[in-house]
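**Q** quick one, fold the following:
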Amino acid sequence: MIESAYRIGHPAPFPIELPYRLIQLYTFEDEVVLDPFVGSSTTCLAALKTKRRYIGYENDKKYYELAERRIEEYLQSQNTLFNQQTNTSQKIALIANV
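**A** Numbering: from 1, shown residues only. The predicted model follows:
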């Protein structure tokens, strides 16, 4: 399912299935995924969903805040869904250069 640019709040979102498949293919669980252009955080979310850690970098404060919000929403949904604490060690860093 492709999420709309309007709903996400970023002009160029891409399906999470793209980074999800590549992350599964080229990394092992608990390895680190680097996303130097976080944007709407799709790659970081795919890393979390595949039990990888991530480092994300974003120059634009607006998109940094968007990414941070989407990641927190995902982590909260996992806590609520499974009624337990999500392993926050997966979340290494989301860096803004503002």
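
**Q** what segments of this protein are strands?
**A** For the chain, strands defined by DSSP state E occupy the ranges 32-35, 53-58, 91-96.

**Q** what pairs with the shortest one, parallel or antiparallel?
**A** Each strand that strand 32-35 pairs with, and the sense of that pairing, follows from DSSP bridges: strand 53-58 (parallel).

**Q** buried set for the partner strand?
**A** Buried residues in strand 53-58, counting neighbours by 16 or more other Cβ atoms under 10 Å, are found at 53-56, 58. Placement of C-beta: from N, CA and C, glycine included.

**Q** same check on stretch 31-46?
**A** Neighbour-count burial for stretch 31-46 flags 33, 35, 38-46 (criterion: 16+ other Cβ under 10 Å).

**Q** same check on stretch 70-81?
**A** Residues of stretch 70-81 classed as buried: 70-71, 74-75 (neighbour count, 16+ other Cβ under 10 Å).

**Q** next, the angle strand 53-58 makes with the helix of greatest length in the chain.
**A** When the chain is scanned for its longest helix (criterion: DSSP state H), the result is helix 61-82. Calculated by axes from the mean of the first three to the mean of the last three Cα atoms, to 10 degrees, helix 61-82 forms an angle of 150 degrees with strand 53-58.

**Q** from the contact counts, what lies against helix 61-82?
**A** helix 42-49, strand 53-58, strand 91-96 (3 or more Cβ pairs under 8 Å, 6 or more residues apart in numbering; DSSP states H and E).
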